[in-house]
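# Whatever this is, show me its structure:
(4 chains)
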Number of protein chains: 2
Amino acid sequence: MSEIQSLARGLKLLELLAAGDDDVGVTELAGQMGIDKSSVSRLVQTLAAYGYAEQDPTSRRYRLGPQIVRLSRSLLTRMPLRDEAKPFLRTLVNRTGECAHIAILAQGQALYIDQVESPASLRVTTGVGTLAPLHCTALGKCLLTFDSTAEMPAELPPFTARTITDHKSLAAHLEQTRRQGYAVDDEEYDYGVRCVAAPVYDFRGKAVGAIGISGPAGRVTLERMADFATIVKEVSQSLSDRMSFNRS
Amino acid sequence: MSEIQSLARGLKLLELLAAGDDDVGVTELAGQMGIDKSSVSRLVQTLAAYGYAEQDPTSRRYRLGPQIVRLSRSLLTRMPLRDEAKPFLRTLVNRTGECAHIAILAQGQALYIDQVESPASLRVTTGVGTLAPLHCTALGKCLLTFDSTAEMPAELPPFTARTITDHKSLAAHLEQTRRQGYAVDDEEYDYGVRCVAAPVYDFRGKAVGAIGISGPAGRVTLERMADFATIVKEVSQSLSDRMSFNRS
DNA sequence: ATTGTCCGTTGGTTATTATACAATCGTGTT
DNA sequence: AACACGATTGTATAATAACCAACGGACAAT
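Next up is the predicted model:
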C-alpha cells in the first residue's frame, strides 16, 4: 500500500482548490500542505498542463480546471443505473410534483448522481455531485438500510433540531425503514424540507442505489407522506425490475 | 515548465480510465502508457486511496471514482455565470419549448456547464460536462466569434454533410454571425438538430460564454429561426445585463 | 518616480522517491 | 489438478522531486 507521494500531493491540491471559495495562491496552498512553495508551484503547473487546474492570468492564482467536469461526465454517463433511472425520475416528478433524485453510496456518503427538477417555482434541488450524510437524508437512510456495503457512520452530527444523533434511535428508525421498504427525512437535514426515498435493486437483489423525492414541508405534509411513499416505492420497484431485465 | 512526472502519469491514467467504456486492468493501462505494470499499479492505488479511482472487488480492474464528481460540482457551483444563467435558461425553455444550454470556452472547445430540459418528449439534450467542437455548434460559433480568447481550430472535421470544413467558408460564416449577433447550427453537428445561440458578456463587455437552444429540425424550422434568434438574443442580453449589474 | 514588499517562478544540489525488473499471490481456466 | 493470466509486492538503482535560495514581476507606499 505504498503511495506515490507526488501524485497524492497533486490530488490533495485538487481538493484544496475545490475547498476554497475563490482562487488560491501557491503560498497559501503550500502553507496548508506543509510543503515548500516551489513544490506546490510545480505540482499545480502540472495540474494546469493537463487541464485539471487553471491559472488566472492576472492574479496568477489557481482554480480547478475544466478537465474535471469532462471526467465527471464520463463517469456519470458510464453508470447504467443513472441512464435507466432518468425516465423513472421524470415519472416521479410527474406523479408527485416534487423534485426527484437518485443517489448511490460513495465514500460512506450518499452521492447524488442525477436529478429531475419539478415545475413548481418553489422546489428543493440537490445538485448532481453533492455528497450528503447517510443518517439524516431519505436517500442516505435507504442506502444505510438496504445497501449491505454501507457502514453505520461513527458520528451522527446534527443538522437541524430533528436530526437523529444517537445510534440507538437511528437503529430503531432504520429498522422501521426496513419494515416499510422506504425511508423518510422529516426536516432532519434542511429545515422546511421533507424527503421520501426507496431503494433500487439490481438483478441479484442487491441494493445499488436509491431514488426519492424532496419538497417543501408545506406541500410534502405528513398526511400525504404515505401517498408519496407508495408512489416512490412503486417507481423504485419498476426501476429495479428494469435493472433486472437488462441484467448488466 | 518542468512537469512532475508521477503526477502527470496519474492524471493521464484518469483520462485513460475515463476513455474506456468499461473497467480497465493494470496491464492494459501499462501498455497504453508505455510504462511498467508495477508503476501503474501503485499509481492507481494512490488514485483509489483518494477516491479518484476505484477498484472492482472481484475483477480487480479500475474505474473512475466518485471524488471526480464531487470536484466537478465544486467547480460548477463556483461559476457565477452558471448560477446567474439558470433562470434565464428556464426562460428560454418557456419561450421556445426547446432545451436550453450554456457553454463556456475550455481547452479550445465549448464546454456545456448547464442545461434545462424542455418538457417536450422529443428533445435534444447535451449533458453537462460535454465538450463540443467550436466550428459546428451554435454555442461554439458564438464563442469563436465573440470570445477574444478563442482561437480558430486548426482542423475542421466534418460531423454531418453540412459541417463547414474549410476555413474560408467558416470565416465568412462567422463574419455573418458577428453581424447578426447570434449563431446558428443547421444540422452541422448532429443530423436533425438545429441550434441557435448568442453570446453572454460580463461587465467589461468581454464575452464569457454563450447560451442557446437546440431542438429537432422538425420544430426548429428555418422559417422560425429568426424568431428563435430574437428570443435568444433578448435573453442573452438580459443575462449580460445581470452579469454587469453584479459586476463580480 | 522610486523603493520596498509580496508572491509566483526558476536554478541547483542532495537525498528521497519512484521506477523497472523479478518474484509472489490469488483467480479463473483447461 | 495444473496452468496461465493478471494484479500486487520486494528490492536495487537511478532518476526525480524535494528543499533552499535567488530571481523577476506586480503592486503599494512613500
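
# all contacts plus neighbour counts: C-alpha atoms, from now on.
OK.

# Output the contacting helices and strands for the longest helix anywhere in chain A.
Determined from DSSP state H, the single longest helix within chain A is helix A:225-246. When contacts are defined as 3 or more Cα pairs under 8 Å, 6 or more residues apart in numbering or on different chains; DSSP states H and E, helix A:225-246 packs onto helix A:80-96, strand A:193-201, strand A:207-216.

# hmm, 10 Å instead?
helix A:80-96, strand A:183-186, strand A:193-201, strand A:207-216 (3 or more Cα pairs under 10 Å, 6 or more residues apart in numbering or on different chains; DSSP states H and E).

# I'd like those laid out as TSV, including distance to residue B:199 and mean neighbour count.
Converted to TSV, those look like this (distance: least, Cα to Cα, whole Å; neighbours: other Cα atoms under 10 Å in any protein chain shown):
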stretch	distance to residue B:199	mean neighbour count
helix A:80-96	30	19
strand A:183-186	42	25
strand A:193-201	37	28
strand A:207-216	34	26
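
# Of those, give the one that comes closest to DNA strand D.
helix A:80-96 (21.7 Å; Cα to the nearest atom of the strand).

# Farthest out from the centre of chain A, which residue is that? Tell me.
Centroid-distance maximum for chain A: residue A:38 at 35.5 Å, with Cα atoms, centre = their mean.

# quick one: residue A:5 from chain B, how far?
Residue A:5 sits 9 Å away from chain B, taking Cα to the nearest Cα, to the nearest Å as the criterion.

# For the helices and strands packed on helix A:225-246, please prepare a markdown table with the additional fields mean pLDDT and distance to residue A:42.
Shown next, in a markdown table, are the helices and strands packed on helix A:225-246 (pLDDT from 0 to 100; distance: least, Cα to Cα, whole Å):
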| stretch | mean pLDDT | distance to residue A:42 |
| --- | --- | --- |
| helix A:80-96 | 95 | 37 |
| strand A:183-186 | 97 | 46 |
| strand A:193-201 | 97 | 45 |
| strand A:207-216 | 96 | 40 |
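
# Distance to DNA strand C added to the ones you listed, as CSV?
Compiled in CSV, those are given as follows (distance: least, Cα to the nearest atom of the strand, whole Å):
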stretch, distance to DNA strand C
helix A:80-96, 22
strand A:183-186, 34
strand A:193-201, 22
strand A:207-216, 20
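
# quick one, which of those is nearest to chain B?
Minimum separation from chain B across these (Cα to the nearest Cα) falls at helix A:80-96, 10.2 Å.

# name the helices or strands packed onto the closest one?
If you count contacts as 3+ Cα pairs under 10 Å, 6+ apart, helix A:80-96 packs onto helix A:67-77, strand A:99-106, strand A:109-116, strand A:193-201, strand A:207-216, helix A:225-246.

# a helix runs through residue A:12, doesn't it?
Yes. Assessed with DSSP: H, G, I helix; E, B strand; the rest coil, residue A:12 lies in a helix.

# Rounded mean pLDDT for the longest helix of chain A, please.
The predicted model assigns helix A:225-246 a mean pLDDT of 93.

# what about it, distance to the chain center?
Taking Cα atoms, centre = their mean, to the nearest Å, one finds helix A:225-246 lying 20 Å from the centre of the chain it belongs to.

# for stretch A:106-123, same thing?
Per Cα atoms, centre = their mean, the displacement of stretch A:106-123 from the mean C-alpha position of its chain is 8 Å.

# so how far does it reach from one end to the other?
End-to-end span of stretch A:106-123 (Cα to Cα, to the nearest Å): 25 Å.

# Do it and chain B come into contact?
Yes. On the criterion Cα under 10 Å from any Cα of the partner chain, stretch A:106-123 is in touch with chain B at A:106-107, A:111-113, A:116-117, A:119.
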